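Peer 1: Need coordinates for the following:
(one chain, ligands or ions: 1)
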Amino acid sequence: MPRSDQPLRLLILGGTADANRLAAAIAAEPRIDAVLSFAGRTEAPKLPPILSRIGGFGGVAGLVDYLRAERIDRVVDATHPFAAQMSRNAVEACAAARVPLLALERAPWQAQRGDCWTEVDDLPAAAAALGAAPRRVFLGIGRQNLDLFAKAPQHSYLVRLVDPPRGRLPLQQVEIVIARGPFDRASDRALLEAHRVDIVVAKNAGGDAAVAKIEAARDLGLPVVMVRRPAIPPRRTVSSVAEVMDWLAHDSTPTERGV
Ligand code: NAP
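Peer 2: Just a heads-up that it's a prediction; the model follows:
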């Protein structure tokens, strides 16, 4: 720890199952004073066993101010791999405020035997990859960006969301299922079968919280349009909570501190 007499002040950028797991591990560590930050997209996020805050910081400048005002010693970016703006802001703000940053990020899923993936760079490309003929599409991409699929109205969509939508979704032929992960393979298989889904669109999140739909598609021989991850500037990255705890237990190096 940087200051042996005081607890380490840690900011966790969250919104994922991994961030919740990290918060649970940190709750048992009295020498770490941590706050878990949510964007505020989910109406009732699972409350962590540590202090939390909700809402954006106000870009890079706002995050720099927050790091300084709260005297944050370390930042762990445990956001979703597709939360690219937050992750880019964290790289820039931590460099500016000289606060060591670690990313907790699972390796992307790799296609396995039995998988039939079309990999694309972004969601507009995913909508285009569904083709001209009408399909029954499972959209496991969250609430944002559904409008991109309005440009492909020939398809009917099954959309899974954490919260019930406040208004109409921007899709013509749509069914909604409300559920919060982690999901399991058998239930996702049953869901895809019940709705006679014939193609799945997914973001390559990696990890186990959202993989069930990919396994279910494999079981059913369904094609998957898999969106590759957005680019994030280079940063130190680990893939497990244990590695984060190890990093927190040791002093940051001069390089990490940017001196
Ligand atoms: P984003 O596009 O990278 O971020 C947009 C803005 O939202 C950020 O610039 C920041 O606002 C605010 N923000 C994002 N994450 C935040 C956090 N943990 N704490 C405080 N502010 C945050 O993010 P997104 O893709 O909309 O994702 C929002 C949240 O949902 C993240 O916490 C992410 O982990 C979670 N999530 C995202 C996905 C996905 O597919 N994108 C999937 C599952 C969960 P300011 O610039 O004002 O600071």
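Peer 1: rest of the way, CA atoms for contacts and neighbours
Peer 2: Noted.
Peer 1: Pull the distance from the strand or helix carrying residue 216 to the chain's centre.
Peer 2: Element membership of residue 216, judged by DSSP states H and E, is helix 212-220. The chain centroid and the centroid of helix 212-220 are separated by 20 Å under Cα atoms, centre = their mean, to the nearest Å.
Peer 1: can I have that helix written out in PDB, keeping just the CAs?
Peer 2: Extracted as PDB, the C-alpha positions of helix 212-220 are listed here (Å, rounded to 0.1, in the frame of the first residue of the first chain):
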ATOM      1  CA  ALA A 212     -24.700 -18.500 -22.100                       C
ATOM      2  CA  LYS A 213     -26.300 -17.200 -25.300                       C
ATOM      3  CA  ILE A 214     -23.200 -18.000 -27.300                       C
ATOM      4  CA  GLU A 215     -23.100 -21.600 -25.900                       C
ATOM      5  CA  ALA A 216     -26.900 -21.900 -26.500                       C
ATOM      6  CA  ALA A 217     -26.400 -20.800 -30.200                       C
ATOM      7  CA  ARG A 218     -23.700 -23.400 -30.500                       C
ATOM      8  CA  ASP A 219     -25.900 -26.100 -29.100                       C
ATOM      9  CA  LEU A 220     -28.700 -25.200 -31.500                       C
END
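Peer 1: Quick check: can you name the pairing partners of whichever helix or strand comes after it and their directions?
Peer 2: Next helix or strand after helix 212-220 toward the C-terminus (DSSP H and E): strand 224-227. Paired with strand 224-227 in the same sheet, following DSSP bridges, are strand 117-120 (parallel), strand 199-203 (parallel).
Peer 1: While we're on residue 208, how confident is the model there?
Peer 2: We have a pLDDT of 88 for residue 208.
Peer 1: again with residue 172
Peer 2: 95.
Peer 1: and residue 157, what does it touch?
Peer 2: Contact analysis of residue 157 by Cα atoms under 8 Å, 6 or more residues apart in numbering lists 136-139, 171, 173-175.
Peer 1: near the ligand at all, stretch 8-20?
Peer 2: Yes. Between stretch 8-20 and the ligand, judged by Cα under 6 Å from any ligand atom, the touching residues are 13-16.
Peer 1: Tabulate those (JSON lines), appending secondary structure.
Peer 2: Formatted as JSON lines, the residues of stretch 8-20 next to the ligand follow (DSSP: H, G, I helix; E, B strand; the rest coil):
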{"residue": "13", "secondary structure": "strand"}
{"residue": "14", "secondary structure": "coil"}
{"residue": "15", "secondary structure": "coil"}
{"residue": "16", "secondary structure": "coil"}
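Peer 1: now that we have the contacts of residue 157, which one has the most neighbours?
Peer 2: residue 138 (26 neighbours; other Cα atoms under 10 Å).
Peer 1: hang on, the earlier thing: name the residues that touch the helix holding residue 216?
Peer 2: 114-116, 183-186, 188-189, 192, 200, 223-224.
Peer 1: Whichever of those end up buried, select them in ChimeraX.
Peer 2: Entered in ChimeraX, the line below selects the buried ones among the contacts of helix 212-220, by 16 or more other Cα atoms under 10 Å:
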select :115,116,184,185,188,189,192,200,223,224
